[in-house]
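# okay, predicted coordinates and the sequence, questions at the end:
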Amino acid sequence: MMNSYATGAMIRRLREEKGLTQAELAEKLYISDKTVSKWETGKGYPDITLIEPLAAALGVSVPELLSGENISNRNRAGNMQRTLFHVCPVCGNIITSVGECVVSCCGITLPAQEAEAPDEAHAVTVDPVEDELYVTLSHEMTKSHYVSFIAALTFDGLKLVKLYPEGSAEARFKSGGIRALYWYCNHHGLFTQRVERKRPRA
């Protein structure tokens with residue numbers, strides 16, 4: 001079940017921004033303008049079968065319409081340094097984006113995780129091994145408390161290693177170009193640490 005639904009205020013605002021009258025929106029959806037009026041005054045809700053065509057008519061995505069807010073992504077160039085992580089608390093699905101967006105999974109609108117500097121319990125050890133970085137955590141990996149992924153961010157990409165309960169909290173990454181590491185604890189959230197690039201000796 002969705003934790004929010006298309007609100008009358010949202011429908012009206014988006015309709016007016018598109019320059020549509022209630023009758024014009026109703027025509028696009030093959031319904032009456034009285035039905036649109038009921039939605040906008042809070043006297044009714046769009047049937048679930050109308051959500052997708054309603055979102056299309058208003059020029060937004062379905063999750064955007066259901067979240068009650070529209071997102072303007074200012075990160076048009078897709079800068080990897082602005083990578084955001086969204087983690088579903090129900091199924092554990094991991095969704096990444098390179099800018100603001102509305103993400104929904106298992107009927108829940110997912111906020112972007114706020115990355116923090118690690119505390120002692122979530123510190124990583126980074127060891128160079130030939131042309132790789134070997135990243136490990138001394139963190140429990142039980143079914144109820146575990147690290148679900150470790151990711152390495154480069155200038156032009158992201159490599160994510162999915163971890164599982166009762167497995168090892170470790171990952172290997174090609175060392176070239178890594179700028180930051182991210183890892184996620186299912187109890188304490190997202191952590192990050194910059195990777196200092198070694199300068200060649202003079």
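The structure has been received and is ready for your questions. Numbers count the residues shown, from 1 in each chain.
# mind listing the strands for this protein?
For the chain, the strands defined by DSSP state E occupy 84-87, 94-97, 103-105, 108-110, 124-129, 132-137, 147-154, 158-162, 170-174, 178-185, 189-194.
# what's the burial count for residue 57?
By other C-beta atoms under 10 Å, the residues close to residue 57 number 20. Quick note: C-beta positions are derived from backbone N, CA and C, even for glycine.
# what's the answer for residue 96, then?
17.
# just checking, it touches residue 153?
No: with contacts counted by C-beta atoms under 8 Å, residue 96 stays clear of residue 153, the gap being 9.7 Å.
# what sits in contact with each of these two?
residue 83 (C-beta atoms under 8 Å, 6 or more residues apart in numbering).
# flag every buried residue along the helix or strand bottoming out on mean pLDDT in the chain.
When each helix and strand of the chain is scored by mean pLDDT, DSSP states H and E, helix 62-67 comes last, with a mean of 79. Neighbour-count burial for helix 62-67 flags 63-67 (criterion: 16 or more other C-beta atoms under 10 Å).
# dump those into CSV; add distance to residue 168 as well.
Shown next, in CSV, are the buried residues of helix 62-67 (distance: C-beta to C-beta, whole Å):
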residue, distance to residue 168
63, 35
64, 39
65, 42
66, 39
67, 37
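# quick check, nearest of the residues you listed to residue 181?
Closest approach between these and residue 181, by C-beta to C-beta: residue 63, at 29.0 Å.
# centre of the chain to the least confident helix or strand of the chain, how far?
Centroid displacement of helix 62-67 relative to its chain, using C-alpha atoms, centre = their mean, to the nearest Å, is 14 Å.
# for that helix, list the C-alpha coordinates in PDB.
Presented in PDB, the C-alpha positions along helix 62-67 are these (Å, rounded to 0.1, in the frame of the first residue of the first chain):
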ATOM      1  CA  VAL A  62       3.800   8.300 -11.200                       C
ATOM      2  CA  PRO A  63       6.000   8.300  -8.000                       C
ATOM      3  CA  GLU A  64       6.300  12.000  -8.300                       C
ATOM      4  CA  LEU A  65       2.600  12.400  -8.500                       C
ATOM      5  CA  LEU A  66       2.000  10.100  -5.500                       C
ATOM      6  CA  SER A  67       4.700  11.700  -3.400                       C
END
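# domain-wise, how is this structure divided?
As given by automatic domain parsing, the domain ranges for the chain are 8-67, 80-110, 120-194.
# what about the last one, start to end distance?
Start to finish, the residues bounding domain 120-194 are 16 Å apart (C-alpha to C-alpha, to the nearest Å).
# could you pull up the mean pLDDT of it?
Average pLDDT, domain 120-194: 94.
# can you give me the offset of that domain from its chain's centre?
Domain 120-194 sits 18 Å away from the centroid of its parent chain (C-alpha atoms, centre = their mean).
# do the same with stretch 16-35
Relative to the centre of its chain, stretch 16-35 is centred 32 Å away, using C-alpha atoms, centre = their mean.
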